[in-house]
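let me see the structure of the following:
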Amino acid sequence: MSVLFILIGISIFVASVFLAAFLWSVRSGQYDDDYTPSVRMLFDDTKAIPSINKTQNSTKLKR
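Numbers count the residues shown, from 1 in each chain. Predicted coordinates:
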């Protein structure tokens, strides 16, 4: 039974080390993406929809 308490203590210690390492990496900017914002406009695939003015179309049809 005492081994169980030792293993729980070790697992809590290891989990806290991983949490501390994760928080350190987030605060130091390891997950900041510097590349994607600079090339985002190159991959923009939205199409511009041309606006149709009804008065122009009606005058062209009457002529």
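
tell me the mean pLDDT for stretch 29-37?
Across stretch 29-37, pLDDT averages out at 83.

using PDB, list the CA coordinates for it.
Output of stretch 29-37 as PDB, limited to C-alpha atoms (Å, rounded to 0.1, in the frame of the first residue of the first chain):
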ATOM      1  CA  GLY A  29       6.900  32.500 -27.200                       C
ATOM      2  CA  GLN A  30       7.500  28.900 -28.400                       C
ATOM      3  CA  TYR A  31       4.000  28.700 -29.900                       C
ATOM      4  CA  ASP A  32       4.000  32.100 -31.700                       C
ATOM      5  CA  ASP A  33       3.500  31.800 -35.400                       C
ATOM      6  CA  ASP A  34       5.600  34.300 -37.200                       C
ATOM      7  CA  TYR A  35       5.400  32.700 -40.700                       C
ATOM      8  CA  THR A  36       1.700  32.200 -41.400                       C
ATOM      9  CA  PRO A  37       0.500  35.900 -41.200                       C
END
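
could you pull out the buried residues of that stretch?
When neighbours are counted by 16 or more other CB atoms under 10 Å, no buried residue of stretch 29-37 is found. To be clear about C-beta, it is placed using only N, CA and C from the backbone, and glycine gets the same treatment.

who touches it?
S25 (CB atoms under 8 Å, 6 or more residues apart in numbering).
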